[in-house]
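Participant: Structure for this input, please:
(one chain, ligands or ions: 1)
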Amino acid sequence: MATMNEFERRRRERRMRERRRKKRIRAAIILIAFVCAVILIVILVMSRCSSNKPAEPVQLGGDGTSETTLSPQNEETPTPVPTANPMTIPPASENNDLMDIIEDADQEKRCYLTFDDGPTENITPQILDTLRRYNVKATFFEIGSLIQTNPSMARRVYEEGHLIANHSDGHNYAKLYVSTDTFMNEVNECYEAIKDITGEAEPFKLVRFPGGGFNSSADSYSPVKQECKDALAEYGFYYCDWNALNGDAEGRTKDADELLDYLIESAEGQDNLVVLMHDAAAKQATADALGSIIEYLRGEGYTFHRLDDIEYRSSSDSSSLDSGDTDTDENSDYDTDENSNSDDEDSTPAPQRTTAPAPSSGSSGGNTGPIIIQ
Ligand SMILES: [Zn+2]
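Facilitator: Predicted coordinates:
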């Protein structure tokens, strides 16, 4: 009997041990599941936070003053690379002078920063860093042969959301402006380089004439350039000069403060700005001045855009409401070439327009085709 009791007792103990063991295993499984769930939640929360974070905190000035937001632009989360919407501006076959289109557009206080002659190993990264710090997008008129020698830099320009546009293949006036054929050959070479670097099948067709496309009697290449404007139109290319500049290619070398002063003077009184600057190896002062130039223009109420981001609607309807308002004197704002001084004659701000967009028109104001600059 005693043996039976002993046997029963041991069996009970065994069962209890078994139950306790199973209990511990269950508890361990629950604990592991709980820890995994916590880790998963933490990872999800962290990834959500990082994707919602603004591109860059913006710090103004070096004097301890700072602003958390500089403009509505900074509130935007990083956006996909903007793409050209050719439907919003007249086709190049109708008017391929983008400066003219911008002057004619129904938009206010827009600034298009442009950097010519890159990409370069030393200046381009500095310009890109500053643009990124201020969350500003710009247009780089790059030289085809330099795209090929600095492909990683050109790719960085593109990947950081800037527009790469065409500034010929070699930037050698004597070779470039022999004829429309030599010019168009270089434009096509550069366009192919832009295609390769961006991977886009048809990048925005935009050219800046080396030396500017202004019709100036002081420029011996001007007659060829005027013919090239028609050739560009034939192949669907826009061209764009400028109406403001920092003077980094004018006269003697300037320091960053002088470049800012030059910009302020040339931009004065203008509603929409296309700002000429240079992304060339010797233009350290341009990189140095860029932050203060952006701060100044932002303080004046300008927002920054790429040259394929134009809010266009035809001015023809509302211009006629202004009883034949003539705005041909806008052309006098242009410089005669990259090496001339800024001629900041008073520019008449675009009249307020209230008509609905009329994307396919825009030619009845006498602005059709290449404009003739005095
Ligand atoms: Zn140039």
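
Participant: rest of the way, CA atoms for contacts and neighbours
Facilitator: Noted.

Participant: Quick one, grab the pLDDT at the closest residue to the ion within the chain.
Facilitator: As assessed by C-alpha to the ion, the ion sits closest to residue 210 within the chain, at 4.4 Å. For residue 210, the model assigns a pLDDT of 98.

Participant: Just confirm it is within a strand.
Facilitator: No. Going by DSSP: H, G, I helix; E, B strand; the rest coil, the assignment for residue 210 is coil, not a strand.

Participant: pretty sure it contacts residue 171?
Facilitator: Yes. Under the criterion of C-alpha atoms under 8 Å, residue 210 makes contact with residue 171 at 6.1 Å.

Participant: and those two? which has more neighbours close in?
Facilitator: residue 210 (23 against 19; other C-alpha atoms under 10 Å).

Participant: interface residues of the chain facing the ion?
Facilitator: The chain comes close to the ion at residues 117, 210, as judged by C-alpha under 5 Å from the ion.

Participant: So, low pLDDT: which residues of the chain?
Facilitator: Along the chain, segments meeting pLDDT under 70 span 1-4, 36, 45-87, 314-374.

Participant: longest helix anywhere in it?
Facilitator: Counting residues, the longest helix found in the chain (DSSP state H) is helix 2-52.

Participant: Could you tell me how far that helix lies from the centre of the chain?
Facilitator: 57 Å (C-alpha atoms, centre = their mean, to the nearest Å).

Participant: give the contact list for residue 150.
Facilitator: 119, 120, 121 (C-alpha atoms under 8 Å, 6 or more residues apart in numbering).

Participant: Pull up the gap between it and residue 132, please.
Facilitator: Residue 150 sits 20 Å away from residue 132, going by C-alpha to C-alpha, to the nearest Å.

Participant: ok, now residue 293?
Facilitator: 14 Å.

Participant: Now do the strands for the stretch 51-200 of the chain: every range, in order, please.
Facilitator: 110-118, 139-142, 163-166 (DSSP state E, counting those that start in this stretch).

Participant: most packed of those strands?
Facilitator: Of all the strands of the stretch 51-200 of the chain, strand 163-166 has the most neighbours on average by mean count of other C-alpha atoms under 10 Å, namely a mean of 30.

Participant: on contacts alone, who are the packing partners of it?
Facilitator: Using 3 or more C-alpha pairs under 8 Å, 6 or more residues apart in numbering; DSSP states H and E as the contact test, the elements touching strand 163-166 are strand 139-142, helix 151-159, helix 180-198, strand 206-207.

Participant: what distance separates the third one from the middle of the whole chain?
Facilitator: To tie it back to what came earlier, the one meant is helix 180-198. That offset, for helix 180-198, works out to 20 Å (C-alpha atoms, centre = their mean).

Participant: And for residue 287, nearest residue in space, chain neighbours not counted?
Facilitator: residue 127 (5.4 Å; C-alpha to C-alpha, 6 or more residues apart in numbering).

Participant: Could you pull up the residues touching the one you found?
Facilitator: Contacts of residue 127 (C-alpha under 8 Å, 6+ apart): 279, 287, 290.

Participant: coming back round to it: between residue 293 and residue 132, which has more neighbouring residues?
Facilitator: The neighbour comparison of residue 293 against residue 132 (other C-alpha under 10 Å) goes to residue 293, with 20 against 17.
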